[in-house]
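>>> task: produce atomic coordinates for the following.
(2 chains)
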Amino acid sequence: MKIGVLLKQVPDSETRIKLGADGAGIDEAEVKWVINPYDEYAVEEALRLKEKKGGEVVVVTAGPARAVEAMRQALAMGADRGIRVETGAVSPDACFTAKLLAKACEGEKFDVIFAGKQAIDDDCAQVHIGVAECLCVPHVTPIEKFSISDDGTKAVVTRPVAGGKKETVESMLPAVFGCEKGLNEPRYASLPGIMKARSKPVVEMKAEELVVGFAPRVKPVLLTLPPERSAGKIVQGEPEKAAEELIRLLREEAKVI
Amino acid sequence: MADILILAEHANGKLKKYSLELAGKAAELAKVSGCDLFAVAFGSPAESLVAELGFYGVRKVFLPSHEALSSYSGEAYAKALCDLVSKKKPSVVLATASTMGKDLMARAAMRLDTGLASDCTAVSIDGGKLKLCRPIYAGKLLAQVEIDGLPQMATLRPNVFPVPSPESSAAEVESFATEPGIVAARVTGTSDAESGMVDLAEADRIVSGGRALGSADGFSMIGELARALGASVGASRAAVDAGFISHDHQVGQTGKTVNPTLYVACGISGAIQHMAGMRTSKVIVAINKDPEAPIFSKADYGIVGDIFKVVPAMTNAAKKLLSE
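Numbering: from 1, shown residues only, chains lettered A, B, ... in the order given. Here you go, the predicted model:
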């Protein structure tokens, strides 16, 4: 089986995000870079599928040179090789990134592609869907359960939908699946895994050679900080009295109940 | 400027509240631009139901009809939307950032080779160009964006825009014939929801519990306060990871982003990632025994105390007050 994983390197969720000097990007000085948390579920599911069906797991990333670090982590978990699309010369939006990743995936003819359901930096949740469209394959996202048929031609997945319901979806392969938290427990890279990862191949492609003459469709104009919240009032007193007073305030002062 | 098209949703014989919010905002944009507002609705709703969109400014509703569209398929629904867009050539297509909206719009935008700004919390129009604001880094930053492509596509976050007062008159309803193409992924079953569960992203009031609840049983106390306040139940990541409650209830950066009028956080310290999911709540209430808990610096009201004493007391007080 040829299994692809779309991977993105993002700032760790603990990071205090600061605006860059030009208001156009973030200040990367103190950022700790990690694999997008949702992509970890994608890597893990890919590895489990490889363990079940054999084959290889290829990690595909669009990003700058530092993104290789995140790819090495996936390789250390057990992925076999990587493809990185260098995006330094372009500033891709979700649409452009999807085109780049799809082009990078084209030659590989993946049977299954896993991706995180969204990246925790831009929160677009669009790229993996765009990749599916470019490759003319179905997509199902977000998925909480994944299983593959014995003959490897289709997958059955579970997807949470509105109101706490779960949908069961049967998809022909190849297809793209966006992974949700709870799909699996990502493994830790072992020490031997980390050592081996160093020599696993990561091929570089250039964005401007993969997709020629394309410009992003969504343009950022300005980045700002959201309004700050400040502390309100602490309701004093014994639990029962304080609780009563709080309920009263919510009704009469805040007018929310 | 050509017209605006919105994707309206419905469930259980009613239009979704967030679809009315969407219609209201889209109607405002259409009015400013001097153009018309149309809607498309899937799932074969009753004509009389979708005609109600007229009260919110929609002139005509298109109902794509084909047997294969009776249950959701990202590819098929996206194709139907694209077919309608090719026919009617709207300059703007808007949907709610709901499960269906996010999915279908992403596929359609790619197919139409245009830009999609997702999960927007503000939108205005100037000279036919949309100006959108969307939270990024889980709301730690706001990005103002514009779209270079036609149609301009965006999804709007639920529970942000107001539901306008109904007026005008009922919309026309027109069937729209479309071929879904090959449907390679299909829904084969749907499980029942947890009883009475409201999608947290749409909930107007939420009571959330943290790991301090100690157990799944501890969460029943949260459920009681939620019931007394007519609220949904949320949880911190720690509580979910500890197995006290399912991930569907998780609020935060790797859970749901919510925007209720009232958010009551019980035994939740207020880690950055949790705050990221609920920071835009209109009123935040924090109950925690640690006076230094970071959440107090962002809460409108707080009680420093034992949640096992305070929460039941709040439930009693709420029941008394709301029964008056």
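>>> how many other residues sit next to A:S199?
Per other C-beta atoms under 10 Å in any protein chain shown, the neighbour tally for A:S199 reads 7. Heads up, the C-betas are built off the backbone N, CA and C, glycines and all.
>>> what are the boundaries of the helices in the chain?
Chain wasn't specified; assuming chain A. A:37-53, A:67-77, A:94-106, A:127-135, A:191-197, A:207-210, A:239-252 (DSSP state H).
>>> my question was about chain B
B:17-33, B:47-51, B:74-88, B:99-111, B:218-229, B:237-241, B:272-278, B:307-323.
>>> okay if I get those helices as TSV plus mean pLDDT, distance to A:C134 and mean neighbour count?
Putting the helices of chain B into TSV (pLDDT from 0 to 100; distance: least, C-beta to C-beta, whole Å; neighbours: other C-beta atoms under 10 Å in any protein chain shown) gives the following:
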stretch	mean pLDDT	distance to A:C134	mean neighbour count
helix B:17-33	96	28	21
helix B:47-51	94	33	16
helix B:74-88	95	13	21
helix B:99-111	97	7	26
helix B:218-229	94	43	20
helix B:237-241	95	34	21
helix B:272-278	92	31	23
helix B:307-323	93	50	19
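>>> can you put those helices in TSV and add distance to A:R16?
Listed next are these as TSV, based on distance: least, C-beta to C-beta, whole Å:
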stretch	distance to A:R16
helix B:17-33	32
helix B:47-51	46
helix B:74-88	36
helix B:99-111	28
helix B:218-229	30
helix B:237-241	18
helix B:272-278	8
helix B:307-323	28
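>>> out of the helices of chain A, deepest packed?
Ranked by mean neighbour count under mean count of other C-beta atoms under 10 Å in any protein chain shown, those are led by helix A:127-135, which reaches a mean of 27.
>>> which non-adjacent residue is nearest residue 79?
Assuming you mean chain A. Once flanking residues are discounted, A:A79 sits nearest to A:V57: 4.3 Å by C-beta to C-beta, 6 or more residues apart in numbering or on different chains.
>>> nope, chain B please
Using C-beta to C-beta, 6+ apart and skipping the chain neighbours, the partner closest in space to B:K79 is B:G181 (5.2 Å).
>>> and the gap between the closest residue to chain A within the stretch 1-150 of chain B and B:A154?
Chain A sits closest to B:G115 of the stretch 1-150 of chain B, with a gap of 3.0 Å, by C-beta to the nearest C-beta. Distance, B:G115 to B:A154, by C-beta to C-beta, to the nearest Å: 9 Å.
>>> do B:P180 as well
Taking C-beta to C-beta, one finds B:P180 at 24 Å from B:A154.
>>> ok, the two, which is more surrounded?
Neighbours per residue, other C-beta under 10 Å: of B:P180 and B:A154, the larger number sits with B:A154, 25 against 18.
>>> just checking, that one touches B:I125?
No - using C-beta atoms under 8 Å, B:A154 makes no contact with B:I125, being 11.0 Å away.
>>> run a quick neighbour tally on A:G163.
Neighbour count of A:G163, defined by other C-beta under 10 Å: 17.
>>> hmm, I typed the wrong one, I wanted A:T224.
12.
>>> list the residues that contact the closest residue to it other than its chain neighbours.
Spatial nearest neighbour of A:T224, chain neighbours left out: B:L142 (5.0 Å); criterion: C-beta to C-beta, 6+ apart. Residues near B:L142 by C-beta atoms under 8 Å, 6 or more residues apart in numbering or on different chains: A:L223, A:T224, A:L225, A:P226, B:T121, B:C133, B:R134, B:P135, B:I136.
>>> can you tell me how far B:L141 sits from A:I120?
Distance, B:L141 to A:I120, by C-beta to C-beta: 12 Å.
>>> just want to know which of the two has more residues nearby.
Neighbours per residue, other C-beta under 10 Å: of B:L141 and A:I120, the larger number sits with A:I120, 23 against 18.
>>> pLDDT value on the residue nearest to that one when sequence neighbours are not counted, please?
Among residues not flanking A:I120 along the chain, A:V10 sits closest, at 5.5 Å (C-beta to C-beta, 6+ apart). You'll see A:V10 listed with a pLDDT of 96.
>>> for A:V10, what are its contacts?
By C-beta under 8 Å, 6+ apart, the contact set of A:V10 is A:W33, A:V34, A:I35, A:N36, A:A119, A:I120, A:D121.
>>> so the fifth one touches A:V127, yeah?
Yes - here A:A119 reaches A:V127: they are 7.4 Å apart, a contact under C-beta under 8 Å.
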